[in-house]
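Asker: show me how the following folds:
(2 chains)
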Amino acid sequence: MNLRRFSLISVPYLWLLALFLVPFLIVLKISVSDIALSIPPYTPTLDFSEGWAGFKDFLSQLDFENFTFLATDDLYWKSYLSSLQIAFIATFFSLLIGFPIAYGMANAPSEWQPTLMLLVILPFWTSFLIRVYSLIGILSQEGMLNQFLMWLGLIDDPLTILNTNVAVYIGIVYTYVPFMILPIYATLTKLDGSLLEAAEDLGCSRAEAFWRITVPLSKAGIIAGCFLVFIPALGEFVIPSLLGGSETLMIGKVLYEEFFANRDWPVAGAVAVILLLILIIPIVLYQRNEQKIMEAEQ
Amino acid sequence: MRRLTWFNATSLTLGFAFLYIPMIVVIIYSFNESRLVTVWGGFSTKWYGELFQNEAFLDAAWVTFKVGFFSSIIATILGTMGAYVLVRGGRFFGRTLFSGMIYAPLVMPEVITGLSLLLLFISIGLDRGLFTIILAHATFSMCYVSVVVSSRLVSFDRSVEEAALDLGCTPFEAFRLVTLPIIAPAVISGWLLALTLSLDDLVIASFVAGPSATTLPIKVFSSIRLGVSPEINALSTILIGLVTIGTVAASLTTKRAVLRRNRAERMA
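Answerer: Modelled structure (predicted):
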């Protein structure tokens, strides 16, 4: 192997080893350590001065106590379940709102399409924090949404939306819906219009043609969009801490608080490891779906 | 076949209203005279004045800018190298691990990335501050750059590269004279993505920042927790304005480039 190729490969390789893989191994290690009143606040710490015997001693002090603690304490497994539930419901509503938008875009006059596309991408480049912030004013007691609903006469007293799970759903849908729209739009634009005409000629109603042709043919985009919303929503921290209330349990927020407020690093590490284990399933399914799309295109 | 039915027009109108009304409200209320965020007290630009006198915000903005500048450059160089290795590297020891490490950070929850980097910095005794934020941002953004650049590398015709090599270019010359100009648009959009991700990041930065360096998102987050304020509305308006100008300009440039290429192809 020549030197140039070797250095080309090794620079990004070593960077990722040092700043991605090693940190991750440290999290794994800390998750099986015990909390201690020291700096850093956990034991055992690895000490190479005692050689192999020291390493064996170090290994013998590690245990899965933090994981059994997570399993027995309600707070944690409830947070995992409620994160999953919130992510599921929010993904469902993103699909419900995102699909009609993507469908409308794909069927709009072609000279509009670049502009519509730009309008979907623009929020995506806009600061995430600012977009979550913009919802606070709308959803508050005296905010726009309540004023609007009262003006319509649908409600007499303002609803409490901010600092509830409903606000978290709205927040996730609002910030992640572009991720749902773009892949669905991409599959819908590739859809061959003559198939729909053929179906209508053969006696399908519009709705029937939609369910039997458009939906199955855009399935790959729908699946990709759902995972692109579900995966980041599961570990979300900003939305539950700004829009959620005391009833909102999400694991990203629990991890953050465990680390910064309780300073229990080993438990925070264990929380992170379990979260990753849960995420592996949707990630593998997403990858498989992407591969299918690639194969279909070739 | 393209027809704008009532259904489509309604879903587009409602959909874009949903996406844009909250931001438009923030923009309108940034020009509100009153400190109360729900009452309109007349037009005023005084909150912009107050924002530009707020030292804490200005310092944080300067830190954010420095972090974004350096981390996005490092990320672009490393990410382009990573993409080249992935697509053109052939087989080498640990290739699967390498591609895994490129794709994993894209789906890793930010709290975990932040936590793991912080634990690394603490265990090697690196003081937290500007430098650690730059390292953290460069690491996760380089993966995004790699993905963007590698999709361009996969799709272009390799024979032009081979022709350059046959005509006597060294591999590095072939890269600089042939490959780089072809992938340049992807490298630039990768860089812009890295810059945006860095300017926008709250979670990872709040893990690795330490007390000495506060970025703008960290500052904004802590003041949002205290409630809606007209200064934040003004700041949001500026940021939304910059992004809008940038995005529209970028799309116009690509549109013009496409038009020019089409014309050149017609001439040929």
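Asker: what's the neighbour count on residue B:159?
Answerer: Using other CB atoms under 10 Å in any protein chain shown, residue B:159 has 9 neighbouring residues. For every residue, glycine as well, the C-beta is placed using N, CA and C.
Asker: per-residue pLDDT, it?
Answerer: pLDDT, residue B:159: 86.
Asker: so what touches stretch A:138-154?
Answerer: Here stretch A:138-154 makes contact (CB atoms under 8 Å, 6 or more residues apart in numbering or on different chains) with A:136-137, A:155-156, A:158-162, A:167, A:170, A:243, B:21-22, B:25, B:38, B:228.
Asker: can you report phi and psi for the residue of chain A found nearest chain B?
Answerer: Per CB to the nearest CB, the residue of chain A with the smallest distance to chain B is residue A:235, at 2.6 Å. Main-chain torsions, residue A:235, degrees, to the nearest 10: phi -100, psi 10.
Asker: that one touches residue A:278, doesn't it?
Answerer: No - Residue A:235 is beyond contact range of residue A:278, at 9.4 Å (criterion: CB atoms under 8 Å).
Asker: just to revisit the earlier point, just the buried residues of the contacts of stretch A:138-154.
Answerer: A:136-137, A:161-162, A:167, A:170, A:243, B:22, B:25, B:38, B:228 (16 or more other CB atoms under 10 Å in any protein chain shown).
Asker: which members of the residues you listed are the farthest-apart pair?
Answerer: A:170 and B:38 (18.4 Å; CB to CB).
Asker: neighbouring contacts of stretch A:19-30?
Answerer: By CB under 8 Å, 6+ apart, the residues outside stretch A:19-30 that reach it are A:42, A:46, A:62, A:265-266, A:269, A:272-273, B:97, B:101, B:104-105, B:112, B:115-117, B:119-120, B:123, B:135-136, B:139.
Asker: list buried residues within these.
Answerer: Here, 16+ other CB under 10 Å leaves A:42, A:265-266, A:269, A:272-273, B:101, B:104-105, B:112, B:115-117, B:119-120, B:123, B:135-136, B:139 buried among the contacts of stretch A:19-30.
Asker: in the stretch 101-250 of chain B, which spans are helices?
Answerer: In the stretch 101-250 of chain B, helices defined by DSSP state H, counting those that start in this stretch lie at B:110-123, B:130-155, B:159-166, B:171-174, B:180-200, B:203-208, B:216-224, B:230-267, listed in chain order.
Asker: output those helices as JSON lines; include the columns distance to residue A:125.
Answerer: Converted to JSON lines, these look like this (distance: least, CB to CB, whole Å):
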{"stretch": "helix B:110-123", "distance to residue A:125": "18"}
{"stretch": "helix B:130-155", "distance to residue A:125": "13"}
{"stretch": "helix B:159-166", "distance to residue A:125": "32"}
{"stretch": "helix B:171-174", "distance to residue A:125": "34"}
{"stretch": "helix B:180-200", "distance to residue A:125": "6"}
{"stretch": "helix B:203-208", "distance to residue A:125": "18"}
{"stretch": "helix B:216-224", "distance to residue A:125": "15"}
{"stretch": "helix B:230-267", "distance to residue A:125": "5"}
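Asker: least confident of the ones you listed, on average?
Answerer: helix B:171-174 (a mean of 83).
Asker: closest to residue A:211 out of the buried ones among the contacts of stretch A:138-154?
Answerer: Nearest to residue A:211 among these, with distances taken as CB to CB, is residue A:170, at 28.4 Å.
Asker: my read: that closest one touches residue A:136, true?
Answerer: No - in this structure, residue A:170 is not within contact of residue A:136 by CB under 8 Å, at 11.0 Å.
Asker: shared neighbours of these two, anything?
Answerer: Common neighbours of residue A:170 and residue A:136 are listed as residue A:243 (criterion: CB under 8 Å, 6+ apart).
Asker: for chain A, what spans make up the strands?
Answerer: Under the criterion DSSP state E, chain A carries strands at the ranges A:34-35, A:42-43.
Asker: dump those into JSON lines; add distance to residue B:197 and mean pLDDT as well.
Answerer: Shown next, in JSON lines, are those (distance: least, CB to CB, whole Å; pLDDT from 0 to 100):
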{"stretch": "strand A:34-35", "distance to residue B:197": "33", "mean pLDDT": "74"}
{"stretch": "strand A:42-43", "distance to residue B:197": "31", "mean pLDDT": "68"}
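Asker: looking at residue A:235 and residue A:278, which is more packed in?
Answerer: More crowded of residue A:235 and residue A:278, by other CB under 10 Å: residue A:235, with 26 against 14.
Asker: what's the offset of stretch A:215-222 from the middle of its chain?
Answerer: 21 Å (CA atoms, centre = their mean, to the nearest Å).
Asker: quick one: contacts of that stretch?
Answerer: Here stretch A:215-222 has contacts from A:95, A:99, A:102, A:183-188, A:191, A:195, A:289, A:292-293, A:296, using CB under 8 Å, 6+ apart.
Asker: restricted to buried residues, select the residues you listed in PyMOL.
Answerer: In PyMOL, this line selects whichever of these come out buried by 16+ other CB under 10 Å:
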select buried, chain A and resi 95+99+102+183+184+185+186+187+188+191+289+293
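Asker: inside helices: which ones of the contacts of stretch A:215-222?
Answerer: Among these, the ones falling in helices (DSSP state H) are A:95, A:99, A:102, A:183-188, A:195, A:289, A:292-293, A:296.
Asker: between the residues you listed, which is closest to residue B:84?
Answerer: Of the ones in helices among the contacts of stretch A:215-222, the one sitting nearest to residue B:84 (CB to CB) turns out to be residue A:293, at 24.1 Å.
Asker: tell me the contacts of the closest one?
Answerer: Counting by CB under 8 Å, 6+ apart, residue A:293 has contacts A:220, A:224.
Asker: swap in 10 Å and give it another go.
Answerer: A:183, A:186-187, A:220-221, A:223-224 (CB atoms under 10 Å, 6 or more residues apart in numbering or on different chains).
Asker: centre-most residue in the chain?
Answerer: No chain specified, so I'll use chain A. Centroid check for chain A by CA atoms, centre = their mean gives residue A:232 as the closest residue, at 1.2 Å.
Asker: think we crossed wires, I meant chain B
Answerer: The centre of chain B sits closest to residue B:196, judged by CA atoms, centre = their mean, with a distance of 2.3 Å.
Asker: look up how far chain A lies from it.
Answerer: Between residue B:196 and chain A the distance is 6 Å, computed by CB to the nearest CB, to the nearest Å.
Asker: wait, what's in contact with that residue?
Answerer: By CB under 10 Å, 6+ apart, the residues touching residue B:196 are A:124-128, B:68, B:72, B:141, B:144, B:243, B:246.
Asker: which among these end up buried?
Answerer: Looks like the contacts of residue B:196 have A:124-128, B:68, B:72, B:141, B:144, B:243 buried, using 16+ other CB under 10 Å.
Asker: flag whichever of the residues you listed scores worst on pLDDT.
Answerer: Minimum pLDDT for those is recorded at residue A:124 (84).
Asker: list the contacts for that residue?
Answerer: Contacts of residue A:124 by CB under 10 Å, 6+ apart are A:131, A:175-179, A:181-182, B:196, B:243, B:247.
Asker: can you list these in TSV and add distance to residue A:206?
Answerer: Below are those laid out as TSV (distance: CB to CB, whole Å):
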residue	distance to residue A:206
A:131	35
A:175	33
A:176	30
A:177	25
A:178	28
A:179	28
A:181	22
A:182	25
B:196	41
B:243	39
B:247	35
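Asker: name only those of the residues you listed that count as buried.
Answerer: A:131, A:175-179, A:181-182, B:196, B:243, B:247.
Asker: which one of the residues you listed is nearest residue A:2?
Answerer: residue B:196 (36.7 Å).
Asker: any idea how far residue B:137 is from the closest one?
Answerer: For residue B:196, the distance to residue B:137 (CB to CB, to the nearest Å) stands at 11 Å.
Asker: report the two of the contacts of residue A:293 separated the most.
Answerer: Maximum distance among the contacts of residue A:293 (CB to CB): 12.5 Å, for A:186 and A:223.
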